[in-house]
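Peer 1: For reference, the sequence and a predicted model appear below.
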Amino acid sequence: MNSADDELCRASQEAEASLIYNDSYFELFEASQIIEKEVQEGKTAERFYEANDGDIEKRALDSVPTNTQRRDKWAYNTFTAWAIAVNNRRGGGRKPVTVLEDMGLDELAYFMSKFVLEVRKKDGCEYPPNSLFQIVMGIQSYIKTVSKRNVEFLQSDVFEEFRQVLDGEMKRLTRKGLGQSVKKAEAISADEEELLWRSGQLGDRNPRVLVNTLLYLNGKHFGLRSGHEQRKLKHKNSQISLKTSPEGHEYLCYREDYSKTVQGGLKHRRVTPKEIEHYTGSNPARCHVRLFKKYLSLCPPDGHDDALYLQALQSPTDKCWYSRQPLGHNTLQKIVPEM
């Protein structure tokens with residue numbers, strides 16, 4: 001195509017764009033003329049729907065899933081029933097419970113702590129730990145949705161003591177065996193995990209918490225669900241190795257050695273074992289890579305059983321937190337459910 005053809009092509013494109021622009025312009029012009037005529041004739045009120053405050057609230061509520069709305073209403077009603085009962089039997093200088101929506105943060109933290117210790121079902125029985133947690137989350141969601149207040153039970157410093165009370169009560173209920181009739185393993189939700197980090201059940205503050213955290217993160221990131229799978233992890237020639245990417249980023253690589261479907265026999269000689277990579281996280285305190293490195297650095301250097309998870313020493317030192325004795329698969333199986 002020569003220069004003359006190029007000029008003709010550009011001119012054609014500009015003309016086409018001009019037509020499109022002009023068509024749009026005339027459409028807008030015609031619309032504005034119609035609206036101006038409606039204004040002059042006083043007909044605009046007939047054209048537009050008049051939304052009131054109730055409509056706005058309803059549309060905002062419609063964005064919340066129905067099951068969440070039911071949970072929140074159930075949680076609110078449960079708290080209200082408890083508050084009425086407390087106020088009816090109040091005596092001895094006990095502080096009255098005010099309306100949930102009107103409570104300040106300090107007052108809310110105080111009454112939520114008492115609530116999780118005293119709340120009961122209609123038949124007088126205690127709630128299972130997961131149900132208690134769902135009630136707490138429902139109350140938080142209700143306050144956010146209805147009262148338009150940004151309340152964060154699992155994150156705000158104001159609710160630190162409340163988180164400790166809730167964590168302790170859930171553990172007490174678990175020890176009593178409440179809610180353990182369900183055999184199917186349930187994944188820990190994001191809110192539940194946040195509570196575990198905030199309450200110190202996940203982290204590296206002591207030997208037991210560190211090994212529990214490593215087991216939880218290995219299960220979460222590498223799909224290891226049973227105590228037997230966790231017990232198969234090795235310390236030497238481990239399935240989990242620390243690597244560095246070409247860009248200089250550290251990551252953990254889990255390589256499956258054998259499983260029910262990959263057993264290493266003749267039929268599986270060409271089957272590629274599962275490999276999963278997990279890179280360093282943005283929060284160092286919760287970084288799987290950092291916690292893995294710290295755990296290895298605090299294990300005895302040699303002479304221990306070839307198992308990844310070791311028992312904590314009764315008297316750990318700055319350089320060694322763990323004995324040479326491995327944790328059994330039954331113990332490993334119970335760690336996450338008992339958090």
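Peer 2: Cool, the structure landed. Numbering: from 1, shown residues only.
Peer 1: quick one: what helix or strand has the residue nearest to Thr78 when sequence neighbours are not counted in it?
Peer 2: Of all residues not flanking Thr78 in the chain, Ile135 sits nearest, at 5.8 Å (CB to CB, 6 or more residues apart in numbering). (Glycine included, C-beta is placed from N, CA and C.) Assigned by DSSP states H and E, Ile135 belongs to helix 129-146.
Peer 1: can you give me the mean pLDDT across that helix?
Peer 2: Mean per-residue pLDDT for helix 129-146: 90.
Peer 1: that older thread, now the residue nearest to Thr78: how far from Ser189?
Peer 2: 14 Å (CB to CB, to the nearest Å).
Peer 1: Among those two, which residue is more densely surrounded?
Peer 2: Between Ile135 and Ser189, counted using other CB atoms under 10 Å, Ile135 has the larger neighbour count: 21 against 13.
Peer 1: Where does pLDDT dip in the stretch 101-250 of the chain?
Peer 2: Across the stretch 101-250 of the chain, the ranges flagged by pLDDT under 70 are 179-187.
Peer 1: cutoff 80 now
Peer 2: Counting by pLDDT under 80, the stretch 101-250 of the chain contains low-confidence residues at 146-147, 175-189, 225-228, 235-237.
Peer 1: Would you map the strands across it?
Peer 2: Assigned by DSSP state E, counting those that start in this stretch, the strands in the stretch 101-250 of the chain fall at 240-244, 250-255.
Peer 1: what lines up beside the shortest one in the sheet?
Peer 2: Here strand 240-244 has these sheet partners by DSSP bridges: strand 250-255 (antiparallel).
Peer 1: Run through who's touching the partner strand.
Peer 2: Applying CB atoms under 8 Å, 6 or more residues apart in numbering, the external contacts of strand 250-255 come out as 218, 221-222, 239-245, 273-280, 288-289, 292.
Peer 1: same check, this time on stretch 285-303
Peer 2: 197, 202-204, 207, 210-211, 213-214, 217, 221, 235, 240, 242, 250-252, 278-281, 284, 310, 316, 319-324.
Peer 1: Likewise for stretch 126-145?
Peer 2: Stretch 126-145 has contacts (CB under 8 Å, 6+ apart) with 60-61, 64, 68, 71-76, 78-79, 100-101, 112, 116, 119-121, 149-153, 166, 169-171, 173-174, 176, 178-179, 186, 191-192, 195.
Peer 1: Can you turn the buried subset of those into a selection I can paste into PyMOL?
Peer 2: To isolate in PyMOL the members of these that are buried, counting by 16 or more other CB atoms under 10 Å, one can use:
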select buried, resi 71+72+75+76+78+79+100+112+116+119+151+153+166+169+170+173+174+178+179+192+195
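Peer 1: domain parsing for this protein?
Peer 2: The record's domain parsing of the chain by automatic domain parsing lists 16-48, 76-195, 206-327.
Peer 1: Make TSV from those domains and add distance to Gly54 to it.
Peer 2: As requested, the domains of the chain are arranged in TSV below (distance: least, CB to CB, whole Å):
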stretch	distance to Gly54
domain 16-48	17
domain 76-195	14
domain 206-327	42
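Peer 1: Which one, of those domains, ends up nearest to Glu338?
Peer 2: With CB to CB, the closest approach to Glu338 among the domains of the chain belongs to domain 76-195: 6.3 Å.
Peer 1: can you give me the end-to-end distance of that closest one?
Peer 2: 21 Å (CA to CA, to the nearest Å).
Peer 1: same check, this time on stretch 150-163
Peer 2: 17 Å.
Peer 1: Stretch 125-133 now?
Peer 2: Stretch 125-133 has an end-to-end distance of 16 Å (CA to CA).
Peer 1: No further questions, thank you.
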